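Q: Need coordinates for the below:
(chains A, B, C and D)
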There are 4 protein chains.
Amino acid sequence: MIKVGINGYGTIGKRVADAVSKQDDMKVIGVTKTRPSWEAKMAIDKGFDLYAAIPENAEKFGEAGIKISGTIDDLIKEVDVIVDCTPSKFGAGNKEKYYLPNTVKATFQGGEKPEVADVSFNALANYEKAVGKNYVRVVSCNTTGLSRALYAVSSNLKIGKVRVVLIRRAADPGDSKKGPINAIVPSVKVPSHHGPDVQTVLPDIDIVTSAVKVPTTIMHLHSIMAELKENTTAEDVIKIFENTPRIKLIDSTDGFPSTAEIIEYARDFGRPRYDLYENMIWRDSISVKDNELYFFQAIHQEADVVPENVDAIRAMFNLASKEESIKKTNKSLRI
Amino acid sequence: MIKVGINGYGTIGKRVADAVSKQDDMKVIGVTKTRPSWEAKMAIDKGFDLYAAIPENAEKFGEAGIKISGTIDDLIKEVDVIVDCTPSKFGAGNKEKYYLPNTVKATFQGGEKPEVADVSFNALANYEKAVGKNYVRVVSCNTTGLSRALYAVSSNLKIGKVRVVLIRRAADPGDSKKGPINAIVPSVKVPSHHGPDVQTVLPDIDIVTSAVKVPTTIMHLHSIMAELKENTTAEDVIKIFENTPRIKLIDSTDGFPSTAEIIEYARDFGRPRYDLYENMIWRDSISVKDNELYFFQAIHQEADVVPENVDAIRAMFNLASKEESIKKTNKSLRI
Amino acid sequence: MIKVGINGYGTIGKRVADAVSKQDDMKVIGVTKTRPSWEAKMAIDKGFDLYAAIPENAEKFGEAGIKISGTIDDLIKEVDVIVDCTPSKFGAGNKEKYYLPNTVKATFQGGEKPEVADVSFNALANYEKAVGKNYVRVVSCNTTGLSRALYAVSSNLKIGKVRVVLIRRAADPGDSKKGPINAIVPSVKVPSHHGPDVQTVLPDIDIVTSAVKVPTTIMHLHSIMAELKENTTAEDVIKIFENTPRIKLIDSTDGFPSTAEIIEYARDFGRPRYDLYENMIWRDSISVKDNELYFFQAIHQEADVVPENVDAIRAMFNLASKEESIKKTNKSLRI
Amino acid sequence: MIKVGINGYGTIGKRVADAVSKQDDMKVIGVTKTRPSWEAKMAIDKGFDLYAAIPENAEKFGEAGIKISGTIDDLIKEVDVIVDCTPSKFGAGNKEKYYLPNTVKATFQGGEKPEVADVSFNALANYEKAVGKNYVRVVSCNTTGLSRALYAVSSNLKIGKVRVVLIRRAADPGDSKKGPINAIVPSVKVPSHHGPDVQTVLPDIDIVTSAVKVPTTIMHLHSIMAELKENTTAEDVIKIFENTPRIKLIDSTDGFPSTAEIIEYARDFGRPRYDLYENMIWRDSISVKDNELYFFQAIHQEADVVPENVDAIRAMFNLASKEESIKKTNKSLRI
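A: Now for the predicted structure:
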């Protein structure tokens, strides 16, 4: 049983903690939180040992009536691997301060620069590259979604240049501070960073991206255009996606006109926190015209990297092959 | 085992179906849907027998590859009680057409006029009035939330006039059609219908309400002002609410500045569909000044009437006392 | 002086009425409205003669205390040209019923099918084609914005395939009914109709488009990707746009991170109704990479077709050359 | 001619600058800005002399190609009065640093504490109190709206306790950073600060308020409940409001179901920046029941304090009586 610590029990951390708990070859030793709050209490209520992420804040937990098991300094000594889910750009510092000195492996999230890790990771696209590695960066929600779809397409079809426009949710559902309320905010620098980030996982894909933020909280949406170097049909592409793990096809005519109904589906399906680990691709958006493939996919920003973190740990400790790990993770999460 | 049919497997119907399934003294015989969709498929995937709500539409289900067990005409013959969750104002017609001729009992939802039923119902406030009745109307989400809070207060304190302003969510989360996107829409007629509706449950309360709709999907919020005819303190009122079922106190300083974090809490807590059956009252908003009580509560419009429907059925068949039923329902739903 | 009637004094109609009033070679004879409202009163307050768009509704205006000058049947006899600003798909019927029988010319808006008119029109792109014509369709706000930008680029550079993703406002600012409140709604059919619509104006452009709706009211945003068949630089493209009428360049670093600040600029600039008749292109989004041009533009959906309707009238009556008309219209509207 | 300086050319400052420019007894000497931006350029384009609000930033304007006429230290020497429109809580420091040492009078905005000034001001409610004063605080947009309506009512009717729930816009239209996107945010401390703030202007009113923020940018909305100590009717109250300056009555049935259509009206009416200086009260919301008056009003947060600043200057220099000043200001602003 691999002993896992979660550094940063927030949007991603709390989901990875739950996901790791459902595996039979790894277990959660503890999770960290910077300060007391209902989320810290919830971690304990769920049975996780809680540690102070910032040692100096340790006393504040006691004052708030929350029992901690120590600080990150203590947790780090108990684990084989840390899943670093601290805010963007904090992971690199944590590596220097905690993970390297204690020779503890770590996965990082997509907010870190690629250089923090030995490899940027997506289970489907490059699981093997992470085998035995000490530091693995699970790419961001958007990059994960793109890597899956483009790996599937490019493994089955000769493709050329890929263009993607990302229409991003501006804040997560639990965030009441960030806007905009009534505006579209472009990432003015075109191409956006998402294209190069996909290439950290799929270096052979010729991809260029642009991105905008819009006033919604629930999902990202990608408009994908991929040039084709061989003849194919929409039906062929549908078959490819049907055979790809962590991709789910939906039809607008079946009651899915927008991201709202997709989330409603996830709520009804009974996923914890309505988490959609899969790329949700509109089957009826898939079209091929003049040697170019077009489709829309929706990405649940809070969830799609969760199974990837589990697989990354398996790869790092060489616990299973790519296919075995994906299958195992998927089964445990009802994907 | 009381045999229950759900007429209208939508926002409320699907939740009541799940809730009834968790009881040991009643079971779901079948649910109806007007036309095929992913929600209809989901009902079957969850193990519910599906019936066509509109007999003429029966064939459409087969064409869409969805197996139905008959129509509402068939379902009505199999059940002891129907939970009518059809859209507002359809219940009265259904009663004439289906429930009365088949001498089947029914609960209706708050969108119906009070006259459709023998009693307007809230478990805490007037369970006894529904005992043995054939037609019971479970009041709307807002009225349910107000009835609970005001019953609790008025049972413990002498109160005078109550004023409430309801800030309502404009559309449910799964609805991508309704707006407004960027406006506040008052219910121009003041007082609004909510006050008289509370009085169908609590006739002795002197209450006047006004209401506005705002561009949010997740929860309603009530600003409540109750005149007091005896001396009390905020602490006393907190104790009253702490001892009231289906009321939960939260603190803004504990990480709950808005309705967004409340829903995040429900997601983490693991409720199905993140359903909050309880009134969520901000403890630090409760204040008493110049013989008047003030507080804010948030109401999850999709969920708070769900346990009330279960209790209503128990009352109609005299299966349990008020306290027993509330306790039983709460336990089954992890309230 | 060309005598102009405005059929449909709504979002576009009221703006065209004001714009025509500012010209010295045409004047507004009257405007129509289907029923009484504050907008009907406002038309009269602004000095426009009001006519009932639906003759049977004529009496309702009197009952509401609004003096009308007759019905559409009367107006049609007084004018040389009608600007048809009735809701989408109504124009074709109006043509049969009113314009053809009275041999009155008409401009239609982009909601009509191209077949309603002799030519689909954009002043910059194909003014000459409308000269002397009886029926001219001014293309939609999005198509107008794309036609301007792509005409400018393709007149100066050899371009190949153009790809555009349109991120559309879901409702106009004065609309409190339409949503979504919290979702992204793709036009699932890819390519969208916008590409073919651009080709009604610019038949030689190889363009493919996809579109999504988002919860904002103020502007559309276009992410444009144009393949280049000759070498060029961002600076060259900037010069092209600087020399193109009805295109305005802005910099994100100058205080324009989103569409919100663009509208704030228009309010401060003092345009009536904050109307932005121009394509607003982010200068710092313009980039050229691997023989492809990228940029973002924001389009004020309520306003950009207004000068085009004025120019269309001039073309139809051969009152001025393309350059003269654009210059004249621009000057009158402070563009 | 009173020489006016505007310290802080932002949301309020730019409007007051335009309003002062339209008066015949005062003129704008200059406006300040903390750093270069399109708004700074716009000030110059409109003919205002620009000064650096932060002397150390003076060079940055030149570097950005914007010609300034000096710094706040220079401006202060040229003026009789400063309208301080700097961000909340900055005014007090400015008073100490600039206004007092130079014996320059100043108006402050509602974000400052009352103690910064000799009097908290609303033209209708207490113009006379500001006559001859050196430091006057124009109360906030919400307090201004409440002071007008409650002064009008309480001057004509004996009223008792007043309760108000304020449903506030969460960000201004030109702000693309602030949220929430999908939540209701209560001001958990009840009563809110708005009640005591109204009492700085109308000390005899017994008022208690609570407030929530909602995801809209365009207007605030107030739900007002006022106990009556004498008999009256809705018609009587309508007459009172009809005879009160800076109050405008609208009817929901006339096309005003929400704040969206109100702003649309202001755009059509041709106000600069669509500014609504008036309280917009729904006539059909005004009702009297059981000796209590109820109504809804919408407040344009960017605009309603603008005429008040003009009147405040007149009072401070004793240029006109209350009635004369209000009339003069209203006429100049087309109120």
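Q: Name the SS class of A:Ile224, please.
A: Here A:Ile224 is recorded as strand under DSSP: H, G, I helix; E, B strand; the rest coil.
Q: give the contact list for it.
A: Counting by C-beta atoms under 8 Å, 6 or more residues apart in numbering or on different chains, A:Ile224 touches A:Leu146, A:Ala149, A:Val162, A:Arg163, A:Val164, A:Leu293, A:Tyr294, A:Phe295, A:Phe296, A:Gln297. Where C-beta positions appear, they are placed from N, C-alpha and C, glycine not excepted.
Q: burial of the last one, as a residue count?
A: Residues lying near A:Gln297 (other C-beta atoms under 10 Å in any protein chain shown) number 28.
Q: Show me which residues of the stretch 101-250 of chain A sit near chain B.
A: Within reach of chain B by C-beta under 8 Å from any C-beta of the partner chain, the stretch 101-250 of chain A has these residues: A:Pro173, A:Gly174, A:Asp175, A:Ser176, A:Ile181, A:Asn182, A:Thr217, A:Ile218, A:Ile250.
Q: Does the one helix or strand A:Glu264 maps to reach chain D?
A: Assigned by DSSP states H and E, A:Glu264 belongs to helix A:259-269. No - against chain D, helix A:259-269 shows no contacts by C-beta under 8 Å from any C-beta, the least distance being 11.0 Å.
Q: List the buried residues in that helix.
A: A:Thr259, A:Ala260, A:Glu261, A:Ile262, A:Ile263, A:Glu264, A:Tyr265, A:Ala266, A:Arg267, A:Asp268, A:Phe269 (16 or more other C-beta atoms under 10 Å in any protein chain shown).
Q: Let's have these in a markdown table, adding pLDDT and distance to B:Thr86.
A: Converted to a markdown table, the buried residues of helix A:259-269 look like this (pLDDT from 0 to 100; distance: C-beta to C-beta, whole Å):
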| residue | pLDDT | distance to B:Thr86 |
| --- | --- | --- |
| A:Thr259 | 98 | 27 |
| A:Ala260 | 98 | 22 |
| A:Glu261 | 98 | 20 |
| A:Ile262 | 98 | 25 |
| A:Ile263 | 98 | 24 |
| A:Glu264 | 98 | 19 |
| A:Tyr265 | 97 | 22 |
| A:Ala266 | 97 | 25 |
| A:Arg267 | 98 | 21 |
| A:Asp268 | 97 | 19 |
| A:Phe269 | 95 | 24 |
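Q: one step back: of the contacts of A:Ile224 - the most surrounded one?
A: Neighbour counts for the contacts of A:Ile224, by other C-beta under 10 Å, peak at A:Leu146, which reaches 31 neighbours.
Q: what helix or strand is that residue on?
A: helix A:141-156.
Q: That helix vs chain C: in contact?
A: No - interface with chain C: helix A:141-156 contributes nothing (C-beta under 8 Å from any C-beta), its closest point being 13.7 Å away.
Q: Does chain C have contacts with whatever helix or strand comes next after that helix?
A: Counting by DSSP H and E, the next helix or strand C-terminal to helix A:141-156 is strand A:159-169. Yes - contact of strand A:159-169 with chain C (C-beta under 8 Å from any C-beta) involves A:Arg163, A:Val165, A:Ile167.
Q: In TSV, list those along with pLDDT.
A: Listed next are these as TSV, based on pLDDT from 0 to 100:
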residue	pLDDT
A:Arg163	98
A:Val165	98
A:Ile167	98
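Q: and chain A, what are its domains?
A: A:2-139+A:305-332, A:141-299 (automatic domain parsing).
Q: Now for A:Asp45, how many residues are close by?
A: When neighbours are counted by other C-beta under 10 Å, A:Asp45 registers 12.
Q: Would you mind giving both backbone torsions of the residue of the stretch 1-150 of chain A found nearest chain D?
A: Nearest residue of the stretch 1-150 of chain A to chain D: A:Trp38, at 14.9 Å (C-beta to the nearest C-beta). In terms of degrees, to the nearest 10, the main-chain angles of A:Trp38 are phi -60, psi -30.
Q: wait, what's in contact with the residue lying closest to it once chain neighbours are set aside?
A: Spatially, and ignoring its direct neighbours in sequence, A:Trp38 is nearest to B:Gly255 (4.6 Å; C-beta to C-beta, 6 or more residues apart in numbering or on different chains). Contact partners of B:Gly255, counting by C-beta under 8 Å, 6+ apart, are A:Ser37, A:Trp38, A:Glu39, B:Glu261.
Q: how about a cut-off of 10 Å?
A: Residues in contact with B:Gly255, defined by C-beta atoms under 10 Å, 6 or more residues apart in numbering or on different chains, are A:35-42, A:174, B:261-262, B:264-265.
Q: before we move on, what about A:Phe241?
A: A:148-149, A:152-153, A:156, A:247-249, A:279, A:281, A:283, A:286, A:295, A:297.
Q: I'd like those residues written out as CSV, with pLDDT and distance to C:Asn142 added.
A: Shown next, in CSV, are the contacts of A:Phe241 (pLDDT from 0 to 100; distance: C-beta to C-beta, whole Å):
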residue, pLDDT, distance to C:Asn142
A:Arg148, 98, 31
A:Ala149, 98, 27
A:Ala152, 98, 32
A:Val153, 98, 29
A:Asn156, 98, 34
A:Ile247, 98, 31
A:Lys248, 98, 31
A:Leu249, 98, 29
A:Asn279, 98, 28
A:Ile281, 98, 25
A:Arg283, 98, 26
A:Ile286, 98, 24
A:Phe295, 98, 21
A:Gln297, 98, 23
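Q: Among those residues, which pair sits farthest apart?
A: A:Asn156 and A:Lys248 (17.8 Å; C-beta to C-beta).
Q: measure stretch A:169-183 end to end?
A: 12 Å (C-alpha to C-alpha, to the nearest Å).
Q: That one - what's its average pLDDT?
A: Average pLDDT, stretch A:169-183: 98.
Q: So it, near chain D or not?
A: Yes - using C-beta under 10 Å from any C-beta of the partner chain, we find that stretch A:169-183 touches chain D at A:169-183.
Q: Show me what the helix holding A:Glu264 is packed against.
A: On a contact count with 3 or more C-beta pairs under 10 Å, 6 or more residues apart in numbering or on different chains; DSSP states H and E, helix A:259-269 meets strand A:220-228, strand A:247-250, strand A:279-282, strand A:292-299, helix B:11-21, helix B:38-45, strand C:185-186.
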